[in-house]
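>>> attaching a predicted model along with its sequence, questions to come.
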Amino acid sequence: MKRRLLLLIPLAIFVLLAVFLYQGLSLNPSARESALLAREFPDFELSTLADPEARVDESLLEGQVSVVNVWGEWCPTCKQEMPQLLALADHGVRLIGIDYKDTRAKAREFLTTYGNPFEVNIFDPDGTLGFDLGVYGAPETFIVDAEGVIRYHHTGYITPEDVERVILPEVRKWRSQ
């Protein structure tokens, strides 16, 4: 009898583990909340994509609401997202790019081919700023208020519907604050 009970313990552990794993598979990773919401944009000092000698830091994000988009030439979804970013720029939204884990030559070629909606592109070849932002991969987008505080985080591709229903309303909301 004791032996049968001992055999049921591993079975019970397996069933519990299977339930937790099944629940984890049903979660939407793009719906995760950023740990940085309501916190200041991380400190950084990196060069711009356009000029290796030009250095920028987090003060770049102070003074006006900015949409910060993490992208890379190697990212196929970033190519699909570019028309939406160009549309945001056409709406007068300030866009700052973070060229993530890329090379200058390939990134510049990407912008020539797909358009460049960014006021400034921060060059992050090692992914250090991306790491500090908790980026899982490109594309990811952050809305930063005029004080340099992260107010919204969008994981993944921005659809045309997201522009109208989410991004523009969030930008307007933080502009009015």
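That came through, no problem.
>>> separation between the closest residue to Lys79 other than its chain neighbours and Ala87?
Nearest non-adjacent residue to Lys79, counting by CB to CB, 6 or more residues apart in numbering: Tyr114, 5.9 Å away. For the C-beta atoms, the positions are set from N, CA and C on the backbone; glycine is no exception. As for Tyr114, its distance to Ala87 is 13 Å (criterion: CB to CB, to the nearest Å).
>>> confidence-wise, which helix or strand of this structure is lowest on average?
For the chain, using mean pLDDT, DSSP states H and E, the weakest element among its helices and strands is helix 2-25, scoring a mean of 62.
>>> immediately after that helix, which helix or strand?
Heading C-terminal from helix 2-25, the first helix or strand you meet, by DSSP states H and E, is strand 45-47.
>>> that following strand - what's its average pLDDT?
For strand 45-47, mean pLDDT is 98.
>>> can you tell me the strand partners of it and which way each runs?
Sheet partners assigned to strand 45-47 using DSSP bridges are listed as strand 55-57 (antiparallel).
>>> not counting the helix or strand following the strand it pairs with itself, show me its contacts.
Heading C-terminal from strand 55-57, the first helix or strand you meet, by DSSP H and E, is strand 66-71. Strand 66-71 has contacts (CB atoms under 8 Å, 6 or more residues apart in numbering) with 41, 61, 78, 81, 85, 88, 93-100, 118, 130, 133, 135, 138-144, 167, 171.
>>> also stretch 77-84?
Contacts of stretch 77-84 with the rest of the structure, by CB under 8 Å, 6+ apart, involve 69, 71-72, 110, 114-115, 117, 138-139, 156-160, 162-163.
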